[in-house]
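Enquirer: Coordinates only, no sequence provided:
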DNA sequence: TTGACATGAAAAAACAATTCGTCATCTCTT
DNA sequence: AAGAGATGACGAATTGTTTTTTCATGTCAA
């Protein structure tokens, strides 16, 4: 999952980066309003963590720009000093999905992100249920009939992203972007996605249901349920 | 324990080196007769593994040189091609402690070395018994009243060397040479020996007997029994 | 009182285990 | 038959753990 951190305070930004990277997120940074706008224009993100007090302008304008773009589903969490938490923010009228008053704990941030995923997918808990699997977002674990399936980081991320997009074809391209980030140009003619999918499938092979984890020739993969 | 390998066949020599290093020995090499003689003149070794067919002469002469030196107790194992195993070798008249016909297995070599230690210390098994400890040379383990005491490599080597010289003062210098090899000049003013001894003592502290593991001020340590 | 040793804690290095990416080859689908 | 994907095996990179070394400080014996 891709996250854009729009925050000029480097220390905080790097802390967030490290923390979220550990959690499997692909993190990008924008240190000011202008570069944030450029990045948003070019890429889509699963989350945008938006500081309001940017050196070259109000973060709210970034949010407005985003809302002008079509077909975007980027979740926005506003980060702001407590004193700045006034109604315009609390009401979330600008279209943000949540806000977080500084200083905040990284776990709090993560919890809010999970909450957004939960909301988007209409989940009751931080879990996806698919066939007999339970994919636990919080603990980053997968179980099959209450039996833990040990997945590596990459395997979990692949499964997670496919489940997040279940019943939709996920292209290799998109999968790569969301699991590895922008390593595309460097090595394009490798089959590492295939290899990881193979390994993942093997670990998930306890579920014998036919075609639940499909290969879509020339495009990518799809999980059906 | 220090081992000198006198052997011109590099492949074999390096194999032996790797194997013996894993077993905790400090290994040096001499590739020909002349350098072997120089080394023997300068240093003492616990074992000299002596190939007879050296490029610049007969290995036996190295052995003769060694016997000319006073106060030496280096154990010599002769390595030689099977065809060369004639009476002069078998009889071990030259003063070697054992011989080994090539090709031999590294474990066979090690077993012979252990046998020599056993003989020198008049042991019945490959074990030293000291107070309630059993120091197993073969398995490189230490037990106290049949309870295994987990030691690190260095800790074991220190204990082993002190036990080998029990009731004698072992200088820091000597201890360093036998456990670490010739790192002396590089860092002399370090207290790493003391630290390891301290850690070792802690692990051996189950034995409450007074002064069995003494510090000899300004010199080194001594194990009494 | 001083030098030598002991000690605890932490940094650095070594080691082991796991994960990741590459590659050559095989299989399947069209 | 040709292109796409699957697979097994292997080396590289990463991660986590243990061991080794350094260091600052405390203690003890001469």
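Expert: Okay, I see it. This is a predicted model, so every value here is computed, not measured. Numbers count the residues shown, from 1 in each chain, chains lettered A, B, ... in the order given.

Enquirer: give me the element the closest residue to DNA strand D within chain A is part of.
Expert: Per C-beta to the nearest atom of the strand, the residue of chain A with the smallest distance to DNA strand D is residue A:215, at 3.7 Å. To be clear about C-beta, it is placed using only N, CA and C from the backbone, and glycine gets the same treatment. When elements are assigned from DSSP states H and E, residue A:215 belongs to strand A:213-216.

Enquirer: near DNA strand C at all, that strand?
Expert: No: Strand A:213-216 does not reach DNA strand C (C-beta under 7 Å from any atom of the strand); its nearest approach is 8.5 Å.

Enquirer: Now that strand: buried residues?
Expert: Going by neighbour count (16 or more other C-beta atoms under 10 Å in any protein chain shown), the buried part of strand A:213-216 is residue A:213.

Enquirer: Any chance you could list what contacts that strand?
Expert: Strand A:213-216 is contacted from outside by A:162, A:169, A:201, A:204, A:221, A:222, A:223, A:224, using C-beta atoms under 8 Å, 6 or more residues apart in numbering or on different chains.

Enquirer: Which residues are in contact with the third one?
Expert: In this structure, residue A:201 makes contact with residue A:213, judged by C-beta under 8 Å, 6+ apart.

Enquirer: circling back: buried ones among the contacts of strand A:213-216?
Expert: Buried subset of the contacts of strand A:213-216 (neighbour count, 16+ other C-beta under 10 Å): A:162, A:201, A:204, A:221, A:222, A:223.

Enquirer: Point out the ones among these that are inside helices.
Expert: Filtering the buried ones among the contacts of strand A:213-216 for membership in helices, criterion DSSP state H, returns A:162, A:201.

Enquirer: on that earlier part again, farthest-separated two in the contacts of strand A:213-216?
Expert: The widest separation within the contacts of strand A:213-216, taken as C-beta to C-beta, falls between A:169 and A:204 and amounts to 18.4 Å.

Enquirer: Show me which positions of the longest strand seen in chain A end up buried.
Expert: Using DSSP state E, we find that the single longest strand of chain A is strand A:75-81. Across strand A:75-81, burial judged by 16+ other C-beta under 10 Å covers A:75, A:76, A:77, A:78, A:79, A:80.

Enquirer: which other helices and strands contact that strand?
Expert: strand A:47-51, helix A:59-68, strand A:98-102, helix A:106-120 (3 or more C-beta pairs under 8 Å, 6 or more residues apart in numbering or on different chains; DSSP states H and E).

Enquirer: For whichever helix or strand comes after the longest one, what does the pLDDT average out to?
Expert: If I follow you right, that is helix A:106-120. From helix A:106-120 onward toward the C-terminus, using DSSP H and E, the following helix or strand is strand A:127-130. Strand A:127-130 comes out with an average pLDDT of 94.

Enquirer: Can you read off the pLDDT for residue A:134?
Expert: Looking at residue A:134, its pLDDT is 96.

Enquirer: What sits closest to it if chain neighbours are left out?
Expert: Excluding the flanking residues, the one nearest residue A:134 by C-beta to C-beta, 6 or more residues apart in numbering or on different chains is residue A:143, at 4.7 Å.

Enquirer: Which strand residues bridge the one you found?
Expert: Residues in a beta bridge with residue A:143, per DSSP bridges, are residue A:134, residue A:148.

Enquirer: what does chain A have sitting close to DNA strand C?
Expert: Residues of chain A lying close to DNA strand C (C-beta under 7 Å from any atom of the strand) are A:150, A:152-155, A:180, A:187, A:190-192, A:195-196, A:217.

Enquirer: Name all residues that make contact with the residue nearest to residue A:120 when sequence neighbours are not counted.
Expert: Nearest residue to residue A:120, sequence neighbours excluded (C-beta to C-beta, 6+ apart): residue A:75, at 7.5 Å. The contact partners of residue A:75, by C-beta under 8 Å, 6+ apart, come to A:46, A:47, A:48, A:97, A:98, A:113, A:116, A:120.

Enquirer: neighbours around the last one, how many?
Expert: This means residue A:120. Neighbour count of residue A:120, defined by other C-beta atoms under 10 Å in any protein chain shown: 13.

Enquirer: Tell me the spacing between it and DNA strand C.
Expert: Between residue A:120 and DNA strand C the computed distance is 26 Å (C-beta to the nearest atom of the strand, to the nearest Å).

Enquirer: Specify the local secondary structure of residue A:197.
Expert: helix (DSSP: H, G, I helix; E, B strand; the rest coil).

Enquirer: how close does it sit to residue A:173?
Expert: Note on residue A:197: its distance to residue A:173, by C-beta to C-beta, to the nearest Å, is 14 Å.

Enquirer: okay, these two: which has more neighbours?
Expert: Using other C-beta under 10 Å as the criterion, residue A:197 and residue A:173 rank with residue A:197 on top: 21 against 13.
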